[in-house]
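give me coordinates for this.
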Amino acid sequence: MHKFLKNHVFSLIAWILILIISIFALPNIKELTNAHSDITLPSNVQSNVAQSIKNNWGAKKKNTYEVALVFNKKHGKLTEADKAAINNTLDKFTNDKHKYGIKDSLLPDSNIATRKKLQSKDGTTWVAQFNIAKSHGTIEEVYNQMNRDAKTQGLRTYVTGADILQHDFSASIQEGIKKTEAITVVFIFIVLVIVFKSPIVPLISLLTVGVSFLTSFSIVTNLVEHANFPFSNFTQVFMVIVLFGIGTDYNILLYDKFKENLGKGMDKYEALHDALFKAGKTILYSGLSILIGFTALSLAKFSVYQSADGVAVGVAVLLVVLLTLNPFFMAVLGKKMFWPVKKFTGESDDKLWHGISASTLKHPIIYLVVLAVVTIPFMLMYSGHLNYDDTDEIADSVPSKQGLLVVQKHFSEGMAEPSYLYIKSKHRLDNEENLKLIDQLTKQLQNSKDVSFATSVTEPYGEPIDMLYVNNQLNTVNDGVDQARSGLGKLSKGSNKVANGANSLKDGADQLQDGTSRLQSGAQQLVGGTSRLQNGAQQLQSGANKLQTGANSLQAGTKTLQNGTQQMANQLQQLSSQLSNQLSGSNKQQLAALQTALPQINSGIQQLNAALGNSVDVSSATSGLAAVQKQAAQLESSLKELQSAAGSVGSSVSQADVQSAISAAVQSAVKDVPNDQKQAAQQAATAAATQAVQSVVQKAQAGANTDKLKSAMQNATQAAQGLQGSMAAMQQSDLMTQLQSLKTQVNTLAQASNQALPGAATALNQLSSGLSQVSAGVAGANKLNSGAAALNSGAGRLSTGLGTLANGAGQLNSGVGQLAGQAPALISGIGQLNSGASQLSMGAGKLAAKVPELTTGIDTVNSGLGQGETYLKGLGSSAAADTFYIPKEFLKNEMFKKSMDVYLSPDKKSAQIILVFDSNPSATEATNESQELSAMAKKTFQGTALKNATVAMGGQSSKIKDTKTVASGDFLRTAAIMLIGIGIALMFVTRSLLQPVYILGTLLIAYLCSLSINQWIVKAVLGRSMLSWNTPFFSFIMLIALGVDYSIFLMTRYRELETEGYTTPSSRILKACAIIGTVVVSAAIILGGTFAALIPSGIPTLIEVALTVDVGLLILVFILPITLSAAVKLTYEGVNFGRLFKKNNK
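Residues are numbered from 1 along each chain as shown. This is a model prediction of the structure:
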């Protein structure tokens, strides 16, 4: 058991167990790094405030990744087929949003705004933007899924975005760490082999440092996972570099002392204990100083600086491992540890440090002046310009970086990473007042330098909506004013006409009132007239019926007359023939025949005379026709009265009524004709009345108003006049003359025949004369027969017409009855018309009086509109008219509602304005401009409805600006804390107040000079004009923390030499430099090589830190013996301060 304890076997067992546990307890490093790769800023900085507003924006943006799909055609513009292929690819994503975790999207071909902003002007590139739910998977899983399914034939497709670029940055660092670890291990092994000339020592050193790294890294990652311990992309890599660098240095110091003790003849246990006491003390002092320095970083506010706390954990574990695990190998192996070396010599002097220290001790002031002259220019030439663009850390060969470069090439550089100005209010913003303020701010942002375009709820396309601005609205108003003025001019002219018309209207209304009064009186008369008309119509109907009966009798009599005249004509024809035959023979024969025939002739004549007397009473017929003519005149008078009554009534009379009236009139006209003549009279009257009745019927059918009825009555009157004329014509006709003549002749013949018997000669002469008369009588009898036939035909037509007339008289009777029933309503209506006419007259009078005033008012308004139009036109062309105004109804416009959905939060209390810069969003111009614009927005809202609104700029530019501000301020603060902590530790180690100042001063000189020199190297070798923003900080903590090791090595040895016979400070510092020089140079080579292993990683920040540390170590190797030797000389032996510090030193 004693041997186990003596050989530190339990330490080995313990570390083996700890190592196993640590390895199994390691979490998933890749996922852990991705989850904590984002830079965490204080919650009150603008970018974080903006992020908070975004997270509370709504489900579409909260807890999402921002991903962009880039479609690019390498040669030429996108064809229609290419565009269709892109849309098909995008449809695949949008049609299955659940599959891809899509919460929101902006597609390049979905609307006018996206076509303008997401399609490049050169026609080669389209960009689609997606918000992917973080719950859908890790960013790596999202990237792999979208990258696989976004492939489009014939086009280059890229998946990019801030989250993906950050992931690729982390992945690049992880790949760089793997390279660094391998190179570091190989390099350290080779250096240690060269230093110790043994393969065993390098293996033991790497094993102990490896155990410390794995154990400490497991502790740190578990603290990160379970206790939210600070962590970043750089934590692991710097733990590797620092632990392997200083761990190897500490091992060299310990192994070198152990080897020296073995060379002095000590056994391995004694050599081990002495090495642990002396070298271990130095290691402990140095380690504690580094530990204090890195632990001080926990007081930093910036997450990246805090993440260096992990190095402090690693240093703490390293110290424990080196001082507990190394003893096992040293105790067990002893001298075998340095196999195959056989000679164990003591410390050897380093000629470089010995020479520098000796020269400085001789001329300390001169060396310090020369050092100042050389280093101060370098320190002053440092520009301090840093590159905050993390995308530069990613190689251009990475697909996401290629997508970013494509977007920057074909769009403005800021298109890939736009900025978002968020405005959060306690009230809704979807109203005219607040939208106007947002629009004013949008215009100010658009006019700002370095802004490519800005879009907002009022300008979703980055261009004004014309209809929402006063100047455009004024143009519409001015057009309306022009039309109004033109209309008012016409109205003014028309008002004058209205005045004249109103006066005329008043006169007309007065006339109308007077006329309606008369009309009302006439209506009363109409009531009486319609009663009389109704009685007359009844009489007309009755008379027409009687006339029709007489006409039928007349028709029968004319038929008998026609038959008698036919017989008479036949007998006369026979008589004429016989007489002619008698006269043509001898006289005897004639006389004999005549004597024989005379009685027969006389008898026939008497019969004829009797027949004529019985058939036609000419005087009676003539007297009847005269009576018909008289009745026709009465009919005409009755029709005129009917016409007058129709005019008074002012109503329509039907065709049947008119025809009935005429029929009744005709019947009344012939009612006094004797029955034996009535037939002929009715026949003649019917022929004349029929045409008149048809005309009346046609007139009645043409209209139903009063004027047409009066016209029809007039036609009826004319028909009655025609009937009268027909009766007169009939009285004067040849038929009557011939009948009269025939009767006279026949009568004469009868008288002559009575006288014929006395004398033959006279009889013969008379016979000859009578024969001529008989011939004429035959012709007359024929005519009489034709007239009787015509009379018979006319009597038939008269009978028919009289029937129609009787029917019309019945209809007229019915219509007059209806007219009589409506007469009271007519009287009432006329009364209302009279009252209305009175009101119209009064109103027209008032209108006529007011129209001049109206005309004057119209002219005044027109003049005012003219002045207003002049003002509005001037206003419309002025800058003041370029003002936003949105009517309430436009808020419901479908296009504007879509704009509000994008640029206003769901509760309408937050708004965003999207800005795209012309320059790279990570460039100094853009980062400075981003928050200047935010400050401008806050000033713009002062004194407005949004004066209390929260305004914050989000996006890459704002985040970089906040990062720069926080990092710069926290760098100075953290550096001060670190220097104070290390300074306090150095006071305890050196037991001096000034030595820590000299040491820290030397380290700062080395740091500033290396940073300035590295600025040149990076520009010349890497082609980068600026250092990465992390380089100064990481270079500082590495150089200060690691450089202080060498100072402690030297000053610890300086104090030890006081007990070994070196009495003066100069001799002690000279000897210490000679002894420690070898260790420091070896450690610097190993540490420099370890940092150089970062160069193959390809990460600019790591390369720059490596170069800065290496240059700084090189500077330290040369200036550390100068500054400390000169400081010791001047402090303890110099003129000014030597005596005082000699007393303190003693």
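
what are the boundaries of the helices in the stretch 1001-1146 of the chain?
1031-1056, 1065-1092, 1100-1128, 1138-1145 (DSSP state H, counting those that start in this stretch).

oh sorry, the question was meant for the stretch 1-150 of the chain
2-6, 9-25, 29-35, 46-55, 80-94, 97-100, 112-118, 139-149.

CA atoms of the second one as CSV?
In this case it means helix 9-25. Output of helix 9-25 as CSV, limited to C-alpha atoms (Å, rounded to 0.1, in the frame of the first residue of the first chain):
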residue,chain,number,x,y,z
VAL,A,9,-1.1,4.7,-8.3
PHE,A,10,-4.4,5.9,-6.8
SER,A,11,-4.0,9.1,-8.7
LEU,A,12,-3.8,7.1,-11.9
ILE,A,13,-6.8,5.0,-11.0
ALA,A,14,-8.8,8.1,-10.1
TRP,A,15,-8.0,9.9,-13.3
ILE,A,16,-8.8,6.8,-15.4
LEU,A,17,-12.2,6.7,-13.8
ILE,A,18,-12.7,10.4,-14.1
LEU,A,19,-11.7,10.2,-17.8
ILE,A,20,-14.1,7.3,-18.5
ILE,A,21,-17.0,9.2,-16.8
SER,A,22,-16.1,12.4,-18.6
ILE,A,23,-16.1,10.7,-22.0
PHE,A,24,-19.5,9.0,-21.4
ALA,A,25,-20.9,12.1,-20.0
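
which other helices and strands contact that helix?
Counting by 3 or more C-beta pairs under 8 Å, 6 or more residues apart in numbering; DSSP states H and E, the packing neighbours recorded for helix 9-25 are helix 200-227, helix 309-333. Yep, even glycine has a C-beta here, placed from its N, CA and C like the rest.

host element of the closest residue in space to residue 987 that isn't next to it in sequence?
Leaving aside its chain neighbours, residue 987 sits nearest to residue 996 (5.4 Å; criterion: C-beta to C-beta, 6 or more residues apart in numbering). If you go by DSSP states H and E, residue 996 is part of helix 994-1017.

angle of that helix against helix 1100-1128?
Counting by axes from the mean of the first three to the mean of the last three C-alpha atoms, to 10 degrees, helix 994-1017 points 140 degrees away from the direction of helix 1100-1128.

now do helix 994-1017: which elements does it pack against?
Using 3+ C-beta pairs under 8 Å, 6+ apart: helix 994-1017 touches helix 364-380, helix 956-990, strand 1027-1028, helix 1031-1056, helix 1100-1128.

how about a cut-off of 6 Å?
helix 364-380, helix 956-990, helix 1031-1056, helix 1100-1128 (3 or more C-beta pairs under 6 Å, 6 or more residues apart in numbering; DSSP states H and E).

closest to residue 328 out of the helices of the stretch 1001-1146 of the chain?
helix 1065-1092 (22.9 Å; C-beta to C-beta).

now the closest one: average pLDDT?
Average pLDDT, helix 1065-1092: 87.

just stretch 514-523 next, same as before
68.

please apply the same query to stretch 793-809.
Computed over stretch 793-809, the mean pLDDT rounds to 68.

again, but for stretch 147-158
92.

and the residue nearest to residue 987, how many neighbours?
23 (other C-beta atoms under 10 Å).

pop the domain breakdown of this protein in here.
Structurally, the chain divides into domains by automatic domain parsing as follows: 8-15+171-391+964-1145, 63-160, 426-467+884-948, 502-563+616-848.

follow-up on the earlier one: may I see the helices of the stretch 1001-1146 of the chain organised as JSON lines, with mean neighbour count added?
Formatted as JSON lines, the helices of the stretch 1001-1146 of the chain follow (neighbours: other C-beta atoms under 10 Å):
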{"stretch": "helix 1031-1056", "mean neighbour count": "24"}
{"stretch": "helix 1065-1092", "mean neighbour count": "23"}
{"stretch": "helix 1100-1128", "mean neighbour count": "25"}
{"stretch": "helix 1138-1145", "mean neighbour count": "13"}
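
just for the stretch 351-500 of the chain, where's the confidence low?
Along the stretch 351-500 of the chain, the parts satisfying pLDDT under 70 run over 466-500.

typo on my end, the stretch 1-150 of the chain
In the stretch 1-150 of the chain, residues with pLDDT under 70: 1-7, 37, 59.

picking up where we left off before, CA-only coordinates of the helix holding residue 996 in CSV, if you can.
Only the C-alpha atoms of helix 994-1017 are listed here, as CSV (Å, rounded to 0.1, in the frame of the first residue of the first chain):
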residue,chain,number,x,y,z
LEU,A,994,6.3,47.7,-9.4
GLN,A,995,7.2,44.4,-11.0
PRO,A,996,3.6,43.6,-11.9
VAL,A,997,3.5,47.0,-13.6
TYR,A,998,6.7,46.2,-15.6
ILE,A,999,5.4,42.8,-16.5
LEU,A,1000,1.9,44.0,-17.6
GLY,A,1001,3.5,47.0,-19.5
THR,A,1002,5.7,44.6,-21.4
LEU,A,1003,2.8,42.4,-22.3
LEU,A,1004,0.7,45.4,-23.5
ILE,A,1005,3.6,46.6,-25.7
ALA,A,1006,3.9,43.1,-27.2
TYR,A,1007,0.1,43.0,-27.7
LEU,A,1008,-0.3,46.4,-29.4
CYS,A,1009,2.8,45.9,-31.6
SER,A,1010,1.7,42.4,-32.7
LEU,A,1011,-1.8,43.7,-33.5
SER,A,1012,-0.5,46.5,-35.7
ILE,A,1013,2.0,44.2,-37.4
ASN,A,1014,-0.6,41.5,-37.9
GLN,A,1015,-2.9,44.1,-39.6
TRP,A,1016,-0.2,44.4,-42.3
ILE,A,1017,0.3,40.7,-42.6
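
relative to helix 1031-1056, how tilted is it?
140 degrees.

average pLDDT across helix 994-1017?
91.

the inter-axis angle of it versus helix 956-990?
150 degrees.

okay, buried residues for helix 994-1017 please.
Across helix 994-1017, burial judged by 16 or more other C-beta atoms under 10 Å covers 994-996, 998-1000, 1002-1015, 1017.

dump stretch 1097-1108 to PDB, keeping only the CA atoms.
Extracted in PDB, the C-alpha atoms of stretch 1097-1108 (Å, rounded to 0.1, in the frame of the first residue of the first chain):
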ATOM      1  CA  SER A1097      -8.600  25.700 -40.200                       C
ATOM      2  CA  GLY A1098      -9.400  28.300 -42.800                       C
ATOM      3  CA  ILE A1099     -11.300  30.500 -40.300                       C
ATOM      4  CA  PRO A1100     -10.200  34.100 -40.700                       C
ATOM      5  CA  THR A1101     -10.600  34.900 -37.000                       C
ATOM      6  CA  LEU A1102      -8.600  31.900 -35.900                       C
ATOM      7  CA  ILE A1103      -5.900  32.600 -38.400                       C
ATOM      8  CA  GLU A1104      -5.600  36.200 -37.300                       C
ATOM      9  CA  VAL A1105      -5.500  35.300 -33.600                       C
ATOM     10  CA  ALA A1106      -2.800  32.700 -34.400                       C
ATOM     11  CA  LEU A1107      -0.700  35.200 -36.300                       C
ATOM     12  CA  THR A1108      -1.200  37.900 -33.600                       C
END
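
and for it, what are the contacting residues?
With C-beta atoms under 6 Å, 6 or more residues apart in numbering as the test, stretch 1097-1108 has contacts from 172-173, 176, 179-180, 393, 395, 1010-1011, 1014, 1017-1018, 1027-1028, 1030-1031, 1034-1035, 1091-1092, 1094-1095.
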